[in-house]
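this one's sequence-less:
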């Protein structure tokens, strides 16, 4: 806590603040999402039903959850895999995103 008369430390400002009308930079986009087969990450076919996708997602998330990998060596890998699985599921689960991805 800052003493009287001192300024409080401020968090860094995020780019793309809607209040300031700044345009976001492209750093938030994952460059690794291009060329990755999200179906392969989830282990399902391209014509898999939403129930099959959900079942595969839950199975993988339970296996790669960071709380199950407490050792430092495996925790970094588990965190990376967990994020990849979530990203793949966000695309494959949403019908609009899935249609755009399949094109």
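That came through fine. Quick caveat, the model's predicted, so the values are computed rather than measured.

from here on, contacts and neighbour counts on C-alpha atoms
Will do.

longest helix of the chain?
Longest helix in the chain, counting residues (DSSP state H): helix 72-93.

Would you tell me what the next helix or strand after it is?
helix 95-102 (DSSP states H and E).

For that following helix, name the packing helices and strands.
Using 3 or more C-alpha pairs under 8 Å, 6 or more residues apart in numbering; DSSP states H and E, the elements in contact with helix 95-102 are helix 72-93.

can you list contacts of the helix it packs on?
Outside helix 72-93, the residues within contact range by C-alpha atoms under 8 Å, 6 or more residues apart in numbering are 38-39, 41-42, 50, 53-54, 57, 60-61, 64-66, 69, 97-98, 101.

Now list the buried members of those residues.
Of the members of those, the ones counted as buried by neighbours, 16 or more other C-alpha atoms under 10 Å, are 38-39, 41-42, 53-54, 57, 60-61, 64-66, 69, 98.

Would you mind listing where this structure has pLDDT under the threshold?
Applying pLDDT under 70 to the chain flags the ranges 1-5, 7-34.

Just the contacts of helix 72-93: which are in strands?
Nothing among these maps onto strands, per DSSP state E.

Report how many residues lie close to the residue nearest to residue 61 when sequence neighbours are not counted.
Using C-alpha to C-alpha, 6 or more residues apart in numbering and skipping residues adjacent in sequence, the residue nearest residue 61 is residue 82, 6.4 Å away. By other C-alpha atoms under 10 Å, 19 other residues sit near residue 82.

Now the buried ones among the contacts of helix 72-93 in JSON lines, please, with extra columns for distance to residue 91.
Listed next are the buried ones among the contacts of helix 72-93 as JSON lines, based on distance: C-alpha to C-alpha, whole Å:
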{"residue": "38", "distance to residue 91": "8"}
{"residue": "39", "distance to residue 91": "10"}
{"residue": "41", "distance to residue 91": "12"}
{"residue": "42", "distance to residue 91": "11"}
{"residue": "53", "distance to residue 91": "11"}
{"residue": "54", "distance to residue 91": "12"}
{"residue": "57", "distance to residue 91": "12"}
{"residue": "60", "distance to residue 91": "16"}
{"residue": "61", "distance to residue 91": "15"}
{"residue": "64", "distance to residue 91": "19"}
{"residue": "65", "distance to residue 91": "19"}
{"residue": "66", "distance to residue 91": "22"}
{"residue": "69", "distance to residue 91": "26"}
{"residue": "98", "distance to residue 91": "6"}
